[in-house]
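Chemist: pasting the sequence and the predicted coordinates here, then a few questions.
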Amino acid sequence: MPLQQWRRIFQLIFPKSSNAEFADRVFRVIAGSKTRRYITFEELILCLHEISECYCTYASTSSQNSSAHFSRIAQFVFLLMEPDDQ
């Protein structure tokens, strides 16, 4: 799906969001490459699954292993914080 379609979906999920900046960042993280201008539904679902799987694994294990389980979530968050190209 292209960015404009993703924005519409994001707006449906988060109707009180005030702008598209965060939606755009999420799109870029899922796309993984700044040259790609679309994401597939499969990529979206797999990304969400990996993040939720990390949390579920963490919730069912001891705190000694927590850093390994949060690596995917941390990677996702740090990619969201990348500076804009502008």
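Modeler: Yep, that arrived.

Chemist: for the protein, which residues score under the pLDDT cut-off?
Modeler: Applying pLDDT under 70 to the chain picks out residues 34, 54-73, 78, 80-86.

Chemist: shouldn't residue 75 be within a helix?
Modeler: Yes: assigned with DSSP: H, G, I helix; E, B strand; the rest coil, residue 75 falls within a helix.

Chemist: can you list contacts of whichever helix or strand residue 30 is part of?
Modeler: Assigned by DSSP states H and E, residue 30 belongs to helix 21-31. Helix 21-31 is contacted from outside by 3, 6-7, 10-11, 14, 17, 34, 37-39, 43-44, 47, 76, 79-80, 82, using C-beta atoms under 8 Å, 6 or more residues apart in numbering. Quick note: C-beta positions are derived from backbone N, CA and C, even for glycine.

Chemist: pull the CA atoms of stretch 9-26 into PDB?
Modeler: The C-alpha trace of stretch 9-26 is given here as PDB (Å, rounded to 0.1, in the frame of the first residue of the first chain):
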ATOM      1  CA  ILE A   9      -5.800   3.300   7.700                       C
ATOM      2  CA  PHE A  10      -3.700   4.900  10.500                       C
ATOM      3  CA  GLN A  11      -6.400   7.600  10.900                       C
ATOM      4  CA  LEU A  12      -9.100   4.900  11.200                       C
ATOM      5  CA  ILE A  13      -7.100   3.100  13.900                       C
ATOM      6  CA  PHE A  14      -6.200   6.400  15.700                       C
ATOM      7  CA  PRO A  15      -9.000   8.800  14.900                       C
ATOM      8  CA  LYS A  16      -7.800  11.500  17.400                       C
ATOM      9  CA  SER A  17      -4.300  11.800  15.900                       C
ATOM     10  CA  SER A  18      -3.700  15.400  14.900                       C
ATOM     11  CA  ASN A  19      -1.300  14.900  12.000                       C
ATOM     12  CA  ALA A  20       0.400  12.300   9.800                       C
ATOM     13  CA  GLU A  21       4.000  12.700  11.000                       C
ATOM     14  CA  PHE A  22       3.900   9.600  13.300                       C
ATOM     15  CA  ALA A  23       2.000   7.600  10.700                       C
ATOM     16  CA  ASP A  24       4.700   8.500   8.200                       C
ATOM     17  CA  ARG A  25       7.500   7.400  10.500                       C
ATOM     18  CA  VAL A  26       5.800   4.100  11.200                       C
END
